[in-house]
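Engineer: Predicted model follows, preceded by the sequence.
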Amino acid sequence: MFRLTSRSLLHTSKSTTRTLATVSSSNIVNIVEVGPRDGLQNEKGSVIPVHLKAELINRLVQAGVTNVEAGSFVSPKWVPQMAGTADVLKQKTTAPGVHYAVLVPNHRGLDDLLSLLSSSSQPSQSPPLTDEISIFTAATDAFTRANLNCSTSESLSRLSPVARTALDNNLRVRGYVSVVIACPYTGKVDYKRVREVAKELLEMGCYEVSLGDTVGQGTPFEIQEMIEEVSKDIPVSKLAGHFHDTYGTAVANVLAALNSGIRTIDSSVGGLGGCPYSPGATGNVATEDVLYALQNSPYTVAGTANGTIDLNQMADIGWWISEKLGRDSVSRVGRALRARRKREEQEKEKARSKL
Ligand SMILES: CC(C)(COP(=O)([O-])OP(=O)([O-])OC[C@H]1O[C@@H](n2cnc3c(N)ncnc32)[C@H](O)[C@@H]1OP(=O)([O-])[O-])[C@@H](O)C(=O)NCCC(=O)NCCSC(=O)C[C@@](C)(O)CC(=O)[O-]
């Protein structure tokens with residue numbers, strides 16, 4: 001069950017945070033920023049221009065992000081917003097030490113990626129455009145059919161040679177299991193099935209498997225129960241949490257996952273996204289909201305902006321991309337920071353006018 005342990009998040013000062021972080025690397029939290037892929041793939045309307053996607057990725061990396069999903073090599077008939085990912089990979093700046101993962105659904109996607117990598121003329125010392133793919137399936141056949149047009153076991157049989165070829169070509173492979181709590185087509189999910197599917201992904205060579213509450217329906221208690229079941233067979237260090245925020249529980253679910261020992265969290269700047277095959281699902285937990293929730297806690301978020309990811313920069317990026325998409329940031333923290341800044345500016349203006 002979900003419980004805050006003696007490592008309680010609430011009563012720890014900032015200096016304690018630093019001490020704990022240096023003493024134990026187990027309090028380091030890794031963020032996988034999925035906004036440019038999971039976020040943008042669900043945008044309705046006209047296809048987002050390549051230069052904007054590349055700029056989003058560059059801004060995220062400047063804010064300290066070291067793991068970013070840059071796009072996907074999927075059928076453009078299925079997910080039109082991800083068309084042009086090859087150009088995004090070429091246009092973005094490729095920073096050393098940053099993993100720019102690409103989602104692939106089948107061998108065709110990987111083959112396209114490999115031919116891009118072999119044809120792109122990079123100076124010999126510079127890092128490759130990407131060193132990582134993500135492969136994905138789900139805990140229910142119904143969801144896998146909607147997402148990949150086959151059953152879960154068929155998807156695993158198709159993904160196994162994809163993982164093999166990727167590893168042979170020096171690409172890291174990350175796995176996803178969708179609908180780990182509830183499926184939009186069949187309801188409550190059997191956590192044992194989540195465990196079996198995650199195990200198969202690890203056995204085919206994934207270095208980590210991300211557990212997706214795709215519908216965003218899970219509660220912290222359910223998340224903890226699900227992780228308990230999955231980690232009966234799988235070291236928790238091989239698992240990541242991926243929580244959509246449909247019912248407003250995503251930040252609480254992140255804390256529940258951390259409490260269960262997970263140390264990698266997927267999140268999306270500005271809370272971008274949803275899922276094309278989960279009607280009504282909102283975006284992932286906003287990266288800004290995770291960063292805020294982990295301030296003054298025993299955890300330190302890894303990143304390259306003074307050793308972490310810069311909360312204010314992320315909030316600004318959340319607003320920047322949301323406004324480019326014609327709307328407001330849905331990150332609660334992004335909104336609060338903007339309101340505070342506005343208030344401070346108004347107060348300064350008032351003080352100036354009194355002089
Ligand atoms: C897997 C398929 C292609 C099967 O779809 P299919 O229709 O069964 O495939 P097909 O082999 O019959 O091919 C159909 C057409 O797609 C082409 N095609 C085939 N493969 C590719 C490819 N890789 N790249 C580009 N084109 C491709 C292929 O060439 C053909 O073109 P046509 O002859 O009709 O002109 C399709 O179902 C697909 O693309 N699915 C991807 C769906 C997707 O991207 N979903 C979102 C990502 S998953 C997610 O968001 C969840 C996650 C990860 O975030 C975690 C969570 O929240 O739970």
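Structural biologist: Yep, that arrived.

Engineer: What sits closest to the residue positioned nearest the centre of the chain if chain neighbours are left out?
Structural biologist: With distances taken as C-alpha atoms, centre = their mean, the residue of the chain nearest its centroid is residue 266 (2.8 Å). Nearest in space to residue 266, with sequence neighbours left out and distances taken as C-beta to C-beta, 6 or more residues apart in numbering, is residue 242 at 4.0 Å. For every residue, glycine as well, the C-beta is placed using N, CA and C.

Engineer: surely the residue nearest to the centre of the chain meets residue 245?
Structural biologist: No: the pair residue 266 and residue 245 does not pass the contact test of C-beta atoms under 8 Å, sitting 12.0 Å apart.

Engineer: Pull up the overlap in contacts between the two.
Structural biologist: Shared contacts of residue 266 and residue 245, defined by C-beta atoms under 8 Å, 6 or more residues apart in numbering, are found at residue 284.

Engineer: What lies in contact with the longest helix that the chain contains?
Structural biologist: Using DSSP state H to define each element, the chain has its longest helix at helix 332-354. For helix 332-354, the surrounding residues in contact (C-beta under 8 Å, 6+ apart) are 270-271, 286, 288-289, 291-292, 311-312, 315, 318-319, 328-329.

Engineer: and if you look at stretch 151-164?
Structural biologist: Here stretch 151-164 has contacts from 104, 106-107, 109-110, 133, 135, 137-141, 144-145, 148, 150, 173, 197, 200-201, 204-206, using C-beta under 8 Å, 6+ apart.

Engineer: Do it and the ligand come into contact?
Structural biologist: No: Stretch 151-164 lies apart from the ligand when judged by C-beta under 6 Å from any ligand atom; the minimum separation is 8.4 Å.

Engineer: what does stretch 199-215 give?
Structural biologist: Yes: using C-beta under 6 Å from any ligand atom, we find that stretch 199-215 touches the ligand at 212, 214.

Engineer: buried stuff in that stretch?
Structural biologist: 199-202, 204-206, 208-215 (16 or more other C-beta atoms under 10 Å).

Engineer: Strands of the chain, start to end?
Structural biologist: For the chain, the strands defined by DSSP state E occupy 28-33, 67-72, 99-103, 132-138, 172-178, 182-183, 187-188, 208-213, 239-243, 264-267, 300-301.

Engineer: Pipe these into a markdown table and attach mean pLDDT per row.
Structural biologist: Shown next, in a markdown table, are the strands of the chain (pLDDT from 0 to 100):
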| stretch | mean pLDDT |
| --- | --- |
| strand 28-33 | 98 |
| strand 67-72 | 98 |
| strand 99-103 | 98 |
| strand 132-138 | 98 |
| strand 172-178 | 98 |
| strand 182-183 | 97 |
| strand 187-188 | 98 |
| strand 208-213 | 98 |
| strand 239-243 | 98 |
| strand 264-267 | 98 |
| strand 300-301 | 98 |
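
Engineer: ok, back up a step: run through the residues that contact the residue nearest to the centre of the chain.
Structural biologist: Neighbours of residue 266 in contact, by C-beta under 8 Å, 6+ apart: 31, 32, 33, 34, 38, 210, 212, 240, 241, 242, 243, 284.

Engineer: Mind doing that once more with 7 Å?
Structural biologist: 32, 34, 210, 240, 241, 242, 284 (C-beta atoms under 7 Å, 6 or more residues apart in numbering).

Engineer: go on, residue 204?
Structural biologist: Contacts of residue 204 by C-beta under 7 Å, 6+ apart are 159, 160, 163.

Engineer: do the same with residue 303
Structural biologist: Residue 303 touches 64, 65, 66, 309, counting by C-beta under 7 Å, 6+ apart.

Engineer: hmm, try it at 8 Å
Structural biologist: 31, 63, 64, 65, 66, 309, 310.

Engineer: Most neighbours among these, which one is it?
Structural biologist: residue 65 (29 neighbours; other C-beta atoms under 10 Å).

Engineer: Let me know the pLDDT of it.
Structural biologist: Here, the pLDDT recorded for residue 65 equals 98.

Engineer: who's the residue of the stretch 201-350 of the chain with the smallest separation from the ligand bridged to?
Structural biologist: Nearest residue of the stretch 201-350 of the chain to the ligand: residue 212, at 2.7 Å (C-beta to the nearest ligand atom). Under the criterion DSSP bridges, residue 212 forms beta bridges with residue 242.

Engineer: That one and residue 95: what is the separation?
Structural biologist: 27 Å (C-beta to C-beta, to the nearest Å).

Engineer: Residue 261 now?
Structural biologist: 30 Å.

Engineer: hang on, the earlier thing: can I get the buried part of the contacts of helix 332-354 as one ChimeraX selection?
Structural biologist: Under the burial definition 16+ other C-beta under 10 Å, those of the contacts of helix 332-354 that qualify are selected in ChimeraX by:
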select :270,271,286,288,289,291,292,311,315,318,319,329
